[in-house]
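Visitor: A structural model of the following input is requested.
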Amino acid sequence: MTVGRWGLTFSPNLHISKNMEKKAALTALAALAQESRLDIYRLLVQAGPDGMPAGLIGEQLGLPSATLAFHLKELKNAGLAGCTRNGRSLIYAARYPTMNELLFYLTENCCGRPSARPIPLCQPAAAATTAPRTKRST
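Guide: Model (predicted):
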């Protein structure tokens, strides 16, 4: 276990459970299917296991505190984020095991591929034989 910048403890080892149920996957997908929540979650993932204070999340995304609290609650209820108190600050962090379980669930159940592969990829079979896409200039 390691103690991060905001006093959170985390294990640097990747944890994948592969036991996500359909209902949990639907809850996680529903939580991410909203623009502000997806932005919050992306910010938490980018912040790493240390997470970040709620106030800083609101500042960076320009969200009022009541709106932010509602969206953070939805991410917590879906198991995608966790919260700890550090003094007067609430520190939110992405829950990587849940994210990995969702990726593996989608890989196994939606892409028709076993999750034993090192990186879960969901792409059409024909795409593997074609040249990689290049970014179009505008």
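Visitor: where do the helices sit along the chain?
Guide: All helices of the chain, identified by DSSP state H, fall at 22-32, 35-47, 54-61, 65-77, 96-109.
Visitor: Can you name every helix or strand that the first one contacts?
Guide: In this structure, helix 22-32 packs against helix 35-47, helix 65-77, helix 96-109, with contacts taken as 3 or more Cβ pairs under 8 Å, 6 or more residues apart in numbering; DSSP states H and E. Every C-beta, even on glycine, is put in place using the N, C-alpha and C of the backbone.
Visitor: Could you name the helices and strands sitting against the first one?
Guide: If you count contacts as 3+ Cβ pairs under 8 Å, 6+ apart, helix 35-47 packs onto helix 22-32, helix 54-61, helix 65-77, strand 81-86, strand 89-94.
Visitor: any idea which of the helices and strands packed on helix 22-32 is most buried?
Guide: Highest mean neighbour count among those (mean count of other Cβ atoms under 10 Å): helix 96-109, with a mean of 19.
Visitor: Can you spell out which helices and strands pack onto it?
Guide: The contact analysis (3+ Cβ pairs under 8 Å, 6+ apart) places helix 96-109 against helix 22-32.
Visitor: Surely Ala31 touches Ala78?
Guide: Yes - using Cβ atoms under 8 Å, Ala31 is in contact with Ala78, at 3.7 Å.
Visitor: Common neighbours of these two, please.
Guide: Contact with both Ala31 and Ala78 is made by no residue, according to Cβ atoms under 8 Å, 6 or more residues apart in numbering.
Visitor: Quick check: pLDDT value at Met20.
Guide: Met20 is assigned 81 on the pLDDT scale.
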